[in-house]
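>>> model the structure of this input:
(chains A, B, C and D)
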2 protein chains.
Amino acid sequence: MPPDLSNRLFFRLYQCANMMHKTGTRALEEHHVTTQQWAVLGALTRPAFEAGIAVGDLAAFLMVSRQNLTGVLSRLEAMHYVERTVAENDNRSRLIRLTDKGRSLWGENMRPAIADYYEEALEGFSTDDKIHMIHYLNKILRNFKALDPDSSRSSEPL
Amino acid sequence: MPPDLSNRLFFRLYQCANMMHKTGTRALEEHHVTTQQWAVLGALTRPAFEAGIAVGDLAAFLMVSRQNLTGVLSRLEAMHYVERTVAENDNRSRLIRLTDKGRSLWGENMRPAIADYYEEALEGFSTDDKIHMIHYLNKILRNFKALDPDSSRSSEPL
DNA sequence: CTTTTTATGTCAATATATTTACATTCTTCG
DNA sequence: CGAAGAATGTAAATATATTGACATAAAAAG
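Purely as a prediction, here's the structure:
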């Protein structure tokens, strides 16, 4: 019997997660942005979220807890990259939106640095390799969501 | 042009990392063990490390910082799952080793829970799927190590 | 043999991440 | 309408994770 493939797969995923945060944060070091802030800012540049997105929806999109986002958003707000506005139709809900400064940081500074980073981190990956890897990540992600009581009701397809 | 594949791949990897920690920690909830402690204990059960492994070597193996391990090891030591002994030939070095209690926790409680978790998280994955996914994770991991100044000199093959 | 450099582990500061608890506000039901 | 219930965001406690700084000890240099 070969060494346990499932165990090997998960250990590699664990190592990849560690290295992604380490190398990713270092790639954006000069802009003082972490991978989590990167994920948030990247989400906010999506056309669908340009008008603002609620904290809960953003948390579901990124697959982190609402409570976690509070801290990240506070730091981004303190750096004036993001602003919180009260939703018109719901006084509980805060709509998170990029500021002009945030949009500029993304377009002028982060986007090129991220492109360079992808270039290096995915060196040797053909288009087919990327598609296959995304396929497997989607596959395991669906299983994770089925395992997670918080996500299992959310009906958005992958 | 399709939506940027590299960006999509990294976003999925980011989501997978979040979900792996969330669902993994929940799977071992009743044993009060997190995914990081799981990784450490799992490493220490390897035959090669049974006699004890230095903090720096363990950090390199798990691909986390030495400084980070200090905290995890302290908590595991406080729970008596792990012990630190001074290396015979080097008074700076601490050899980390599983205690009997730690070995028992792993074999009696964690191993079965982990097997169940793998079963669910990898549902629908054939042996070939796992092998392919491991291949891609290894591939990206090599690129990450090339990007990381700390790991680049370490000569251990994947 | 002393001085310098390197290796090893830990501490401190900062940023995630989780769960639990809670204040507000909206919704629903009587 | 008024009370129970659910939804929304945040605060607090705990556990990772990082880098920078440091004490100690080994190794290398002179």
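>>> what angle do the helix ranked longest in chain A and helix B:5-27 make?
Looking across chain A with DSSP state H, the single longest helix is helix A:5-27. Here the directions of helix A:5-27 and helix B:5-27 differ by 120 degrees (axes from the mean of the first three to the mean of the last three CA atoms, to 10 degrees).
>>> close to DNA strand C, is helix A:5-27?
Yes: judged by CB under 7 Å from any atom of the strand, helix A:5-27 comes into contact with DNA strand C at A:His21. The way it works is simple: take the backbone N, C-alpha and C, and place the C-beta from them, glycine included.
>>> which helices and strands does that helix pack with?
helix A:35-44, helix A:111-121, helix B:5-27, helix B:35-44, helix B:55-62, helix B:111-121, helix B:127-147 (3 or more CB pairs under 8 Å, 6 or more residues apart in numbering or on different chains; DSSP states H and E).
>>> what's around the closest residue to A:Arg97 other than its chain neighbours, how many residues?
Leaving aside its chain neighbours, A:Arg97 sits nearest to A:Gly52 (4.3 Å; criterion: CB to CB, 6 or more residues apart in numbering or on different chains). Using other CB atoms under 10 Å in any protein chain shown, A:Gly52 has 18 other residues around it.
>>> from A:Asp116, how far off is A:Gly52?
30 Å (CB to CB, to the nearest Å).
>>> with A:Asn89 instead?
42 Å.
>>> A:Asn89: what secondary structure?
coil (DSSP: H, G, I helix; E, B strand; the rest coil).
>>> whether stretch A:108-124 contacts DNA strand D - can you check?
No: using CB under 7 Å from any atom of the strand, stretch A:108-124 stays clear of DNA strand D, with a minimum separation of 14.4 Å.
>>> low pLDDT regions in chain A?
A:1-3, A:151-158 (pLDDT under 70).
>>> residues of it that sit close to DNA strand D?
Residues of chain A lying near DNA strand D (CB under 7 Å from any atom of the strand): A:18, A:21-22, A:25-26, A:54-57, A:66-67, A:69-70, A:73-74, A:84, A:87, A:90, A:92-94.
>>> A:Glu77 - how many residues pack around it?
Residues near A:Glu77, counting by other CB under 10 Å: 15.
>>> er, A:Arg26 actually
14.
>>> and it, what does it touch?
B:Leu147, B:Asp148 (CB atoms under 8 Å, 6 or more residues apart in numbering or on different chains).
>>> ok, 10 Å please
The contact partners of A:Arg26, by CB atoms under 10 Å, 6 or more residues apart in numbering or on different chains, come to A:Thr35, A:Tyr117, B:Leu147, B:Asp148, B:Pro149.
>>> name the nearest of these relative to B:Asp4.
Distances from B:Asp4 to the contacts of A:Arg26, taken as CB to CB, are shortest for A:Tyr117 (12.7 Å).
>>> what is the burial count for A:Asp148?
15.
>>> and it, backbone torsions?
In terms of degrees, to the nearest 10, the main-chain angles of A:Asp148 are phi -90, psi 120.
>>> what's the burial count for the residue nearest to it when sequence neighbours are not counted?
Distances taken as CB to CB, 6+ apart place B:Thr23 nearest to A:Asp148, at 5.7 Å, with adjacent residues excluded. The tally of other residues near B:Thr23 (other CB under 10 Å) stands at 21.
>>> ok, now A:Arg142?
For A:Arg142, using other CB under 10 Å, the count is 14.
>>> so it is in contact with B:Leu122, correct?
No: counting by CB atoms under 10 Å, A:Arg142 does not reach B:Leu122; the two are 11.4 Å apart.
>>> what residues are up against the residue nearest the centre of chain A?
Centroid-nearest residue in chain A: A:Ala39, 3.2 Å away (criterion: CA atoms, centre = their mean). By CB under 10 Å, 6+ apart, the residues touching A:Ala39 are A:Gly24, A:Leu58, A:Phe61, A:Leu62, A:Met63, A:Val64, A:Val72, B:Phe10, B:Phe11, B:Tyr14, B:Gln15, B:Asn18.
>>> can I assume the fourth one is in contact with A:Val72?
Right, A:Leu62. Yes: taking contacts as CB under 10 Å, A:Leu62 lies within contact range of A:Val72: 9.3 Å.
>>> residues from chain A in reach of DNA strand C?
A:21, A:34-37, A:39, A:63-65, A:67-68, A:71-72, A:75, A:89-92, A:150.
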